[in-house]
Every structure is written in C-alpha cells, then in structure tokens.
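In: Here's a sequence, model it:
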Amino acid sequence: MIINEKKHVNIYIALVESFKFIYENDIVNNKLDEYLRIPQNHVCFNDFIYKNVKINFGGSKIITNFAAQYKEVLKNKEIVFEALITCVGNAENLNGHLEYDAKGLEFSQEEIYLPTINQIASFKLGNSIEFVNGLRKNQ
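Out: All right, here's what the predicted structure looks like:
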C-alpha cells in the first residue's frame, strides 16, 4: 500500500510541475511574432465565377465578373449550403470550380441590377438564364 501512495504523490508532483512549466514557459510568447508573420492564405478558387456579366452601375452599363462561394448555414437545425457572392469586379485572377460566361447578358435579381457582397447567388442573366443558389437552373 505504501508503494501506491508514493506513486500517487509522484503523479501529483509531476502534474503540479507540468502546470508550473506551462504557466512559466514563454516559448509561445516568444514565437507569437514569428507566427503572425506567416503569410495568410487567400482564396484563389471559388465555387462559382460569373464572367462578362452586364450590370447597371450608377446609371452606366458595364461588363464585370463576380464570384460566389458556398457557406454553411444552420437552418431549422440542419446545415445547408448557401452560395453567397464574395467578390465583384476583381475576379479576373480567380478560378472557379464552375465558371459561367454570361456573354454580356444583364444581371437582375428582383429589382436589383448589380451583384452585392453576401447576397445569395440566385439571379437572372438576360430574360431566360436563371441561377438558383449559384447553379444554373434547367441547364
């Protein structure tokens, strides 16, 4: 029985010493600056890229590109994927898992005539091509 008590005391001392070491150790603090200098990963692939889309921007019609990315959203206790517009205008250097060429067709979404960041990617191009949650409908 005395052997077991010594064993428990040794475990207790080891735990106390390990907590003391973790508390007093500044390895993490010394490395924080180095860690923060690591370059950030930037999104270079999106779920969807829409190219050559005509939009009404301040009364002028221009051709632009935009991107959308799926985001996990909790709805009614279920996870659903919503395609949200993430980039408008500067999507030339981005790649998409699915890319659509609008060929100059005009963007519209219920009285909105330009894509907006964080807007769900459900819209029309021209009068006949419809996208629902990022994907082309009836393709």
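In: domain parsing for this protein?
Out: Here the domain parsing of the chain from automatic domain parsing is 2-36, 45-136.
In: Quick one: list the elements packing against the lengthiest strand in the chain.
Out: Across the chain, the longest stretch assigned as strand under DSSP state E is strand 60-75. Identification of packing neighbours for strand 60-75 by 3 or more CB pairs under 8 Å, 6 or more residues apart in numbering; DSSP states H and E yields strand 45-57, strand 78-88. Bear in mind the C-beta positions are built from the backbone N, C-alpha and C, glycine included.
In: Can you lay out the domains of the chain as CSV showing mean neighbour count?
Out: Conversion of the domains of the chain to CSV gives the following (neighbours: other CB atoms under 10 Å):
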stretch, mean neighbour count
domain 2-36, 9
domain 45-136, 16
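In: got those as TSV, with mean pLDDT columns?
Out: Converted to TSV, these look like this (pLDDT from 0 to 100):
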stretch	mean pLDDT
domain 2-36	72
domain 45-136	91
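In: How far does stretch 66-73 sit from its chain's centre?
Out: Going by CA atoms, centre = their mean, to the nearest Å, the spacing between the C-alpha centre of stretch 66-73 and its chain's C-alpha centre is 7 Å.
In: send the alpha carbons of that stretch over as CSV?
Out: Listed in CSV are the C-alpha atoms of stretch 66-73, where the atom choice follows Å, rounded to 0.1, in the frame of the first residue of the first chain:
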residue,chain,number,x,y,z
PHE,A,66,-18.1,38.2,-59.9
ALA,A,67,-17.6,35.2,-57.7
ALA,A,68,-19.7,33.1,-55.3
GLN,A,69,-18.7,30.7,-52.6
TYR,A,70,-20.8,28.2,-50.6
LYS,A,71,-21.2,28.9,-46.9
GLU,A,72,-22.5,26.5,-44.3
VAL,A,73,-25.6,27.9,-42.7
